[in-house]
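Student: need a 3D model of the sequence below.
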Amino acid sequence: GSRSVTPGPRNDSGASTSLEFVVSPRRWGERSTGSVAIAATSPWGGYRWGPQRLPEASIVALPEALAFRSVEAPHPVGLIGQNRSRRGGHGSEFFAIRPFQPGDSLRRVNWRTTLRTGEVHSVGTAAQEDSSVLILVDAVTDVGASGGLDGAASTLDITVRAASALAAHHTRVGDRVGLRVLGRTGQVLGPGTGIRHQRRLQELLAQVQPGWPELLSARRLRLRIGANSVVVVLSPLLTPDITTAMVTLSRRGLDVVCIDTLVP
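Tutor: A predicted model of the protein is given here:
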């Protein structure tokens with residue numbers, strides 16, 4: 001980020017003098033620019049203004065999104081996005097033209113196919129199923145030293161950057177994405193889509209801090225998502241409670257995808 005400062009005195013022409021300096025954080029998270037003191041003197045040192053101390057400014061560095069190359073990406077079935085329901089049912093999206101069945105509405109009869117085949121056919125629609133992708137971030141532990149953008153990555157660095165990449169991918173294709181952080185900060189964001197929702201996801205990921213949550217129990221883990229939703233767990237798999245929680249979610253009938261983020 002950059003800051004622009006306009007000192008109090010004016011130069012000989014009467015215009016304000018501005019000073020701009022750039023601050024570049026090396027790691028994601030909430031950072032402070034530190035205190036700054038500004039002073040101005042005349043060319044020969046005869047006059048002096050200041051020093052004036054400026055208040056500290058806080059900036060939020062968003063996590064760097066890693067390149068998403070996986071061909072085995074989860075495909076949630078939803079009312080929006082690329083993926084539609086694969087079974088017939090009550091809905092508005094075209095599914096197939098099939099023989100007429102008891103209970104079909106007469107409004108859905110396809111008369112062209114009926115006249116051609118001599119049998120009554122109706123238009124079938126895809127079932128209206130709504131699901132989403134829930135990104136579950138394990139921020140209980142942080143193993144390894146973090147060297148920032150150009151250095152080595154810790155487990156939390158890999159986890160947060162991978163979560164940012166997954167969120168960007170699924171919001172780009174139109175899926176509904178939610179976030180749940182299991183850690184000291186415990187961020188929660190309901191399913192949503194769009195650029196503003198993706199920005200909100202990145203801002204919450206930038207505020208993740210490692211630590212043990214106050215309440216972490218597999219029995220008390222209530223995600224409140226649809227039965228057909230996909231849960232993507234990003235974890236170094238070092239906490240037994242996280243592993244137990246994944247098994248519990250799988251036994252509930254949810255599609256659980258686990259991504260190991262442990263550093264070499």
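Student: pull out the buried residues from stretch 159-172.
Tutor: 159-171 (16 or more other C-beta atoms under 10 Å). From N, CA and C alone the C-beta is placed, and that goes for glycine too.
Student: what about the stretch 51-200 of the chain, any weak spots by pLDDT?
Tutor: 65-95, 125-131 (pLDDT under 70).
Student: doesn't residue 26 belong to a helix?
Tutor: No. Checked against DSSP: H, G, I helix; E, B strand; the rest coil, residue 26 lies outside a helix; its state is coil.
Student: neighbours of the residue lying closest to it once chain neighbours are set aside, how many?
Tutor: In space, not counting the residues next to it along the chain, residue 26 is nearest to residue 148; the distance is 3.3 Å by C-beta to C-beta, 6 or more residues apart in numbering. Residues lying near residue 148 (other C-beta atoms under 10 Å) number 14.
Student: now residue 106
Tutor: Neighbour count for residue 106, taken as other C-beta under 10 Å: 8.
Student: equivalent analysis for residue 156, please.
Tutor: Using other C-beta under 10 Å, residue 156 has 26 other residues around it.
Student: shouldn't it be within a strand?
Tutor: No. Counting by three-state DSSP, one finds residue 156 to be helix, located in no strand.
Student: residues touching it, list them.
Tutor: Applying C-beta atoms under 8 Å, 6 or more residues apart in numbering to residue 156 gives the contacts 139, 141, 142, 146, 208, 210.
Student: surely the first one touches residue 181?
Tutor: Yes. Here residue 139 reaches residue 181: they are 5.5 Å apart, a contact under C-beta atoms under 8 Å.
Student: identify the contacts common to those two.
Tutor: Common neighbours of residue 139 and residue 181 (C-beta under 8 Å, 6+ apart) are residue 208.
Student: I'd like the contacts of residue 156 laid out as TSV, including neighbour count, distance to residue 192 and secondary structure.
Tutor: TSV is the format used below for the contacts of residue 156 (neighbours: other C-beta atoms under 10 Å; distance: C-beta to C-beta, whole Å; DSSP: H, G, I helix; E, B strand; the rest coil):
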residue	neighbour count	distance to residue 192	secondary structure
139	26	21	coil
141	18	29	coil
142	18	28	coil
146	17	29	coil
208	24	19	coil
210	17	26	coil
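Student: make CSV out of these and add distance to residue 264.
Tutor: Shown next, in CSV, are the contacts of residue 156 (distance: C-beta to C-beta, whole Å):
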residue, distance to residue 264
139, 20
141, 16
142, 16
146, 15
208, 22
210, 19
